[in-house]
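S.K.: Sequence and predicted model, in that order:
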Amino acid sequence: MTRASHHENQHNIDERISLARRTLYKLMNTGVHGSNGINPKVGYKIYQVFVLPRLLHSLEVLPLNISQIKKLSDFHIGTLRKLQSLPQRTSSAAVYLLLGALPIEPELERRHLSLLYSILNSKNTKLNEIRVRQTSLQESVPHSFFTRCSQIIERYCLPSTDKIKFMSKNVWKQLVKKKVRSYWSTQLLDEYLQNYHELLLYQRTQNRTHTPSLGYSKFQPHRCPKSSNKSPNANWDIHSTNPNK
């Protein structure tokens with residue numbers, strides 16, 4: 001983690017992405033490269049173990065904005081697309097659902113909650129004093145670490161901080177994993193179904209636009225003109241055989 005006078009967050013994000021990309025290149029010899037490589041699910045497990053921790057290391061303590069999170073997300077989903085050899089136009093929800101993967105936001109939020117548990121169970125008095133002070137000033141400090149943690153706890157319907165400190169670490173990790181996966185599985189599935197219905201509606205609209213109207217089509221079937229003064233054989237074609245002969 002580097003402290004810089006200007007654009008501190010952006011500097012750290014660029015450094016993390018560069019480190020993750022170098023790690024990914026070193027893993028290409030093992031078959032983690034999409035087409036003609038190992039199974040995508042196995043490749044994703046390797047990505048989770050070796051690349052993702054280097055990509056997100058220490059970023060949970062930084063107040064990242066939307067553009068910075070998007071930059072991390074672009075690298076994350078781009079890698080998952082390559083692991084599955086999917087085209088660029090593939091829906092993001094489909095990319096995640098096929099692998100059972102999570103977007104970059106919940107991956108960061110899980111690290112927020114893990115660090116929060118460590119702080120709550122820490123015996124460091126200075127750290128606890130900072131926690132109490134920032135928690136009491138949440139409205140005036142909206143981008144602090146503990147304010148973000150409170151928002152995450154509320155989103156996933158997790159226990160309050162007073163109850164978290166009395167839980168074991170394994171129970172807390174399993175609870176967070178279950179709540180986060182349940183929430184994002186529903187979100188991604190809803191997004192995928194919405195995109196699917198929009199695609200069907202678009203295709204139906206295109207079919208209606210390009211289908212010619214039967215009332216004005218040049219392929220309209222021929223109809224004989226009505227006439228009461230003609231003889232019974234008037235509707236026969238001149239090239240056909242006359243039945244009276």
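M.R.: Arrived safely, thanks for sending. Keep in mind that this is a model prediction, so the values were computed, not measured.

S.K.: L102 in helix, strand or coil?
M.R.: coil (DSSP: H, G, I helix; E, B strand; the rest coil).

S.K.: Show me the shaky parts of the protein.
M.R.: 1-6, 139-140, 202, 208-245 (pLDDT under 70).

S.K.: how does it divide up, domain by domain?
M.R.: 7-101, 103-208 (automatic domain parsing).

S.K.: Output these in CSV; the columns should cover mean neighbour count.
M.R.: All C-beta atoms are positioned from the backbone trio N, CA, C, and that covers glycine. Formatted as CSV, the domains of the chain follow (neighbours: other Cβ atoms under 10 Å):
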stretch, mean neighbour count
domain 7-101, 16
domain 103-208, 14
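
S.K.: just checking, what's the longest helix in the protein?
M.R.: The residue-count maximum for a helix in the chain (DSSP state H) belongs to helix 169-210.

S.K.: list the helices and strands it packs on?
M.R.: Counting contacts by 3 or more Cβ pairs under 8 Å, 6 or more residues apart in numbering; DSSP states H and E, helix 169-210 packs against helix 92-99, helix 104-120.

S.K.: Could you dump the ones you listed into a markdown table with distance to N207 added?
M.R.: Converted to a markdown table, those look like this (distance: least, Cβ to Cβ, whole Å):
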| stretch | distance to N207 |
| --- | --- |
| helix 92-99 | 23 |
| helix 104-120 | 37 |
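
S.K.: Looking at the ones you listed, which is nearest to L27?
M.R.: helix 92-99 (16.3 Å; Cβ to Cβ).

S.K.: The closest one - contacts with which helices or strands?
M.R.: helix 40-46, helix 66-84, helix 169-210.

S.K.: so which of these comes closest to T125?
M.R.: helix 169-210 (21.2 Å).

S.K.: the inter-axis angle of that closest one versus helix 92-99?
M.R.: With axes from the mean of the first three to the mean of the last three Cα atoms, to 10 degrees defining the directions, helix 169-210 sits at 130 degrees from helix 92-99.

S.K.: Of the helices and strands packed on helix 92-99, which is nearest H33?
M.R.: If we rank the helices and strands packed on helix 92-99 by Cβ to Cβ, the stretch that ends up nearest is helix 66-84, at 7.2 Å.

S.K.: hmm, who's touching that closest one?
M.R.: The contact list for helix 66-84, computed with Cβ atoms under 8 Å, 6 or more residues apart in numbering, reads 9-10, 13, 16-17, 20-21, 24, 32-34, 37, 40, 43-44, 47, 51-52, 55-56, 59, 64, 87-88, 90, 92, 95-96, 98-99, 101, 103-105, 107-108.

S.K.: Please export the C-alpha coordinates of that helix as CSV.
M.R.: Extracted in CSV, the C-alpha atoms of helix 66-84 (Å, rounded to 0.1, in the frame of the first residue of the first chain):
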residue,chain,number,x,y,z
ILE,A,66,-17.6,4.4,-8.5
SER,A,67,-15.1,4.9,-11.3
GLN,A,68,-12.3,3.2,-9.3
ILE,A,69,-14.6,0.2,-8.5
LYS,A,70,-15.5,0.0,-12.2
LYS,A,71,-11.9,-0.2,-13.1
LEU,A,72,-11.4,-3.2,-10.8
SER,A,73,-14.7,-4.7,-12.1
ASP,A,74,-13.6,-4.4,-15.8
PHE,A,75,-10.4,-6.4,-15.1
HIS,A,76,-12.4,-8.9,-13.0
ILE,A,77,-15.2,-9.6,-15.5
GLY,A,78,-12.8,-9.5,-18.4
THR,A,79,-10.7,-12.3,-16.9
LEU,A,80,-13.8,-14.4,-16.2
ARG,A,81,-14.9,-13.9,-19.8
LYS,A,82,-11.5,-15.1,-21.1
LEU,A,83,-11.5,-18.1,-18.8
GLN,A,84,-14.8,-19.2,-20.4
